[in-house]
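Enquirer: Provided below are the primary sequence and the corresponding predicted coordinates.
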Amino acid sequence: MKTISIVTPCYNEELNIRECHARVAALFDGELRDYRREHVFCDNASSDRSVEILREIAAADPCVKVILNARNFGPMRSNFNGVMAAGGDAILLFLPADLQDPPELLPQFVKLWEAGNEIVYGIRKIREENAIMRVARGLYYRVLTGLSEFTLPPGVGDYQLVDRKVVEAMRAIDDSYPFMRMMTFECGFTAVGVPYKWVERRRGVTKNTLLRLVDQGMNGLVTFTPAPLRLLLFLGFGIAALALAYAFLSLALGLVFFRQMAPPGVMTIIVAVFFFGGVQLFSIGVLAEYILAIHAQVRRKPVVFERERINF
């Protein structure tokens, strides 16, 4: 009997964990009864009753495995660590505890996997979120996929069922801050998408703050494309060329209209100083993101530090 692993990262999700476990278990009592279930929960040092609930569920259900992290390492690192610990023939990389990605798509994913597709990914065709976030996410992923060398359809997240061989390929990528949704496509393999509706959170509040979203977004950009550095290079070259052209133009006008033109304006100097200062700060900021990524990689820290494993 083949095993399907489901990985669920959680942090302060006491209101959602039991339903998440029950809906997954119900699938394996029904359409997926011919498969063995392995549900891996990765807790990021929750401060509510999440750990207590996970212990109760794991005590009653041996198909549930729990990883308790020593502290909050963020959703991406914790999720990746859970995927690497999963032992199934196919692994659902990410099933959120708040069930915004519906587990009921899993039987369809498994059928497509059994048909020979090594990566079955969900496409968030409809998003139940405010217009600002929807537009911001759309723009970000258009930039990311447009500048990277991989073809990634818009609306693809970590909600992907992948074959064991894909996970082993991901394990070979030594990355201290993995960006999983792109790693699978970086590895290659045959892939197929399934559109679905990404629903809004029903209970509790999201733990993915704006700062965490920005951090994750920058990680994706600096990991999968050198394009920002190239853009800075061309931008710097263009500005230098314009400044040189302006200098020649000023010299020519000064010779033609000798002593007839007003002295150079103060505003021109101020605008130039602020403009070039802004370009320099922006460029340094982009370079810093790459240096931070290199710094994190050369330190070779584990993705997370674990406090305890249950049912492994």
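Expert: Good, I have the coordinates. Numbers count the residues shown, from 1 in each chain.

Enquirer: which stretches in the stretch 51-200 of the chain count as strands?
Expert: For the stretch 51-200 of the chain, the strands defined by DSSP state E, counting those that start in this stretch occupy 64-69, 90-92, 119-127, 156-163, 191-198.

Enquirer: deepest of the ones you listed, which one?
Expert: Mean neighbours per residue, mean count of other C-beta atoms under 10 Å, is largest over those for strand 90-92, with a mean of 26. For glycine as for every other residue, the C-beta is placed from the backbone atoms N, C-alpha and C.

Enquirer: quick check: mean pLDDT of it?
Expert: Across strand 90-92, pLDDT averages out at 96.

Enquirer: tell me what it is packed against?
Expert: Applying 3 or more C-beta pairs under 8 Å, 6 or more residues apart in numbering; DSSP states H and E, one finds that strand 90-92 makes contact with strand 3-10, helix 106-114, strand 156-163, helix 164-171.

Enquirer: now with 7 Å?
Expert: Judged by 3 or more C-beta pairs under 7 Å, 6 or more residues apart in numbering; DSSP states H and E, strand 90-92 is in contact with strand 3-10, helix 106-114, strand 156-163.

Enquirer: buried ones in the second one?
Expert: Under the neighbour-count criterion of 16 or more other C-beta atoms under 10 Å, helix 106-114 has 106-107, 109-110, 112-113 buried.

Enquirer: rebuild those residues as CSV, extending it with pLDDT and distance to D98.
Expert: Output for those, formatted as CSV (pLDDT from 0 to 100; distance: C-beta to C-beta, whole Å):
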residue, pLDDT, distance to D98
L106, 95, 16
P107, 96, 21
F109, 96, 19
V110, 97, 22
L112, 96, 25
W113, 96, 25
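
Enquirer: and those residues as TSV, adding distance to R212?
Expert: Formatted as TSV, the buried residues of helix 106-114 follow (distance: C-beta to C-beta, whole Å):
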residue	distance to R212
L106	27
P107	32
F109	27
V110	31
L112	31
W113	31
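
Enquirer: and which of these is nearest N69?
Expert: Relative to N69, the closest of the buried residues of helix 106-114 is L106; by C-beta to C-beta it sits at 25.2 Å.

Enquirer: please name the nearest non-neighbouring residue to that closest one.
Expert: With sequence-adjacent residues excluded and distances taken as C-beta to C-beta, 6 or more residues apart in numbering, L106 is closest to L27, at 5.7 Å.

Enquirer: all helices for the stretch 201-312 of the chain, in order.
Expert: Counting by DSSP state H, counting those that start in this stretch, the stretch 201-312 of the chain has these helices, from start to end: 210-224, 227-256, 266-299.

Enquirer: looking at those helices, which is buried most?
Expert: The most buried one of those (mean count of other C-beta under 10 Å) is helix 210-224, showing a mean of 16.

Enquirer: what separates that helix from the chain centre, distance-wise?
Expert: How far helix 210-224 lies from its chain's middle: 7 Å, per C-alpha atoms, centre = their mean, to the nearest Å.

Enquirer: what is it packed up against?
Expert: helix 131-147, helix 266-299.

Enquirer: the last one vs helix 227-256, what angle?
Expert: Meaning helix 266-299. Here helix 266-299 points in a direction 160 degrees away from that of helix 227-256 (axes from the mean of the first three to the mean of the last three C-alpha atoms, to 10 degrees).

Enquirer: swap in the shortest one?
Expert: Relative orientation of helix 131-147 and helix 227-256, computed by the same axes, to 10 degrees: 90 degrees.
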